[in-house]
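> All I have is the shape, not the residue letters:
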């Protein structure tokens, strides 16, 4: 069986679209209708009026957001094990505890959270528009979760007091990057520019030539006259960067920077999920309606893309 052709056949038959996050396996990105960051993809799904099924090759919170924003479509997550560790770090109980401690302080949640958590926040943000979202809030103190490094980055950029909840939320993959590895690569490729995701540590951000989300990295690499780049984010992005810029060179800042959860989505699992309409994502209506408001408020802010 030619699995790629079978996927394409069933997809057409069922009026489905396949969305793949920038961190997916190369063969999954290549079969997708759209490749991008989580919010880019969810918004793209909203534009596909004729689609009845969305196969979202990513992790749990991204598929949830797609389901929330596309209530008239069936959203499938090819692998139930594809869970974001950082999203699991912020529970509803933790949110309630912090809101009790700071009852008058607005709560901004990174889109890398589960729907149940989003239902309790005032507005969501992405790594690309976190600064703009915080600046749009009149308060000088803001609760922000769950990524501590992104919270620090936003505080540096806005000058506001950002209280991270939980206190040490993080992305395990982005914590793998260290300046020592970059120094070695810069010695080997002295003309290369360093692109760093804001989920990386402050030490990494300080030595970066550019700090931004996956979508912003793609735009920066394409528009920059530079021919070589060192990339500090999950290695899956390099496939898209190389496809979009065949005349440029990209080097991962740490060879082991792989998100095992993202990589659980395979062609085989996409095929089974699509054929059997398996692993449909369902968000309870009371949670979905509240989370949708937080996401829609985010869309009103300038530059609402990127994780």
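Perfect, thanks for sending it. All of these numbers come straight from a predicted model, not from anything done at the bench. Numbering: from 1, shown residues only.

> counting contacts, what elements does the helix or strand residue 294 falls within pack onto?
Per DSSP states H and E, residue 294 falls inside helix 285-299. Judged by 3 or more C-beta pairs under 8 Å, 6 or more residues apart in numbering; DSSP states H and E, helix 285-299 is in contact with helix 60-69, helix 115-118, strand 123-125. C-beta here means a position set from N, CA and C on the backbone, and glycine is covered the same way.

> Take these and write them to CSV, including mean pLDDT, mean neighbour count and distance to residue 295.
Output for these, formatted as CSV (pLDDT from 0 to 100; neighbours: other C-beta atoms under 10 Å; distance: least, C-beta to C-beta, whole Å):
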stretch, mean pLDDT, mean neighbour count, distance to residue 295
helix 60-69, 94, 26, 6
helix 115-118, 98, 24, 7
strand 123-125, 96, 26, 5
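
> Now render these as JSON lines, adding distance to residue 213.
What follows is those, written out as JSON lines (distance: least, C-beta to C-beta, whole Å):
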{"stretch": "helix 60-69", "distance to residue 213": "14"}
{"stretch": "helix 115-118", "distance to residue 213": "18"}
{"stretch": "strand 123-125", "distance to residue 213": "11"}
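
> just so I know, which of those lies nearest residue 277?
helix 60-69 (13.7 Å; C-beta to C-beta).

> got the buried residues for the one helix or strand in the chain whose mean pLDDT sits lowest?
Lowest on mean pLDDT, DSSP states H and E among the helices and strands of the chain sits helix 38-47, with a mean of 82. Neighbour counts using 16 or more other C-beta atoms under 10 Å place 38-45 of helix 38-47 among the buried residues.

> if you go through this structure in chain order, where are the strands?
16-21, 34-36, 53-57, 74-76, 107-110, 123-125, 141-145, 161-164, 193-196, 210-211, 228-232, 249-252 (DSSP state E).
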